[in-house]
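1. Just need the structure, nothing else, for what follows:
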Amino acid sequence: MTNEKANVADRALTPEQKLEELGLELPPLRPSVGSYISCVRTGNLLFTAGQGVDQFHGKLGRDLTTEEGYKAARQSMLNLLSVVKNELGDLSKVKRVVKLLGMVNCTEDFTEQPIVMNGASDLLGKIFGEKGQHGRSAVGMQQLPNNTAIEIEMILEVEDEGGSK
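-> Next up, the predicted model:
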């Protein structure tokens, strides 16, 4: 019965409270480095621009380990969640994480892109539970802007506000 009560209490936490429990906080919004906006909403879908990281640079398989790549993916997801919170005002308005595209800056013989991307996927599961389960692509890239280790894009289903924002 105690576990059941704990599960009920866990479901009652907001995504922001779950982040706090994990000892994580959303970073400030990163500035755009080109002619684009950080997300576009159409109906109840939110499409984010890719978010890299400022903390991890270089190629996986040469400059960075798979474990460092996992941490980079988690940080990239925190950057994305900052964008989403800025757009929606509240992460509880996320109805479903639909799809992630993870681009990993890596050597041509590096094959652990899925393990690296688990850093983002695992975080979404901890924050959103079933709503955080998603489709995903994890691909290797020859180079990414500013030599960032990773860049992730996300598509979300969000609460309908009766029109585009």
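2. Packing partners of the longest strand seen in the chain?
-> Using DSSP state E to define each element, the chain has its longest strand at strand 94-105. In terms of contacts (3 or more C-beta pairs under 8 Å, 6 or more residues apart in numbering; DSSP states H and E), strand 94-105 is packed against helix 66-88, helix 113-128, strand 135-141, strand 150-158. For glycine as for every other residue, the C-beta is placed from the backbone atoms N, C-alpha and C.
3. residues of the second one that come out buried?
-> It stands for helix 113-128. Within helix 113-128, the residues scored as buried using 16 or more other C-beta atoms under 10 Å are 113, 115-121, 123-125, 127-128.
4. do the longest one as well
-> The neighbour-count criterion (16+ other C-beta under 10 Å) identifies 66, 68-85, 87-88 as the buried residues of helix 66-88.
5. okay, the helices and strands packed on strand 94-105 in a markdown table with mean pLDDT and distance to Gln55 next?
-> What follows is those, written out as a markdown table (pLDDT from 0 to 100; distance: least, C-beta to C-beta, whole Å):
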| stretch | mean pLDDT | distance to Gln55 |
| --- | --- | --- |
| helix 66-88 | 98 | 6 |
| helix 113-128 | 98 | 12 |
| strand 135-141 | 98 | 18 |
| strand 150-158 | 98 | 11 |
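6. which one of the ones you listed lies closest to Ser32?
-> Closest to Ser32 of the helices and strands packed on strand 94-105, according to C-beta to C-beta: helix 66-88, at 10.5 Å.
7. Compute the inter-axis angle for that closest one and strand 135-141.
-> 120 degrees (axes from the mean of the first three to the mean of the last three C-alpha atoms, to 10 degrees).
8. helices or strands up against helix 66-88?
-> Checking 3+ C-beta pairs under 8 Å, 6+ apart, helix 66-88 ends up next to helix 15-21, strand 39-42, strand 45-48, strand 94-105, helix 113-128, strand 150-158.
9. Go again with 7 Å.
-> The contact analysis (3 or more C-beta pairs under 7 Å, 6 or more residues apart in numbering; DSSP states H and E) places helix 66-88 against strand 39-42, strand 45-48, strand 94-105, helix 113-128, strand 150-158.
10. got the ones you listed as JSON lines, with distance to Gly140 columns?
-> Below are the helices and strands packed on helix 66-88 laid out as JSON lines (distance: least, C-beta to C-beta, whole Å):
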{"stretch": "strand 39-42", "distance to Gly140": "25"}
{"stretch": "strand 45-48", "distance to Gly140": "21"}
{"stretch": "strand 94-105", "distance to Gly140": "5"}
{"stretch": "helix 113-128", "distance to Gly140": "5"}
{"stretch": "strand 150-158", "distance to Gly140": "11"}
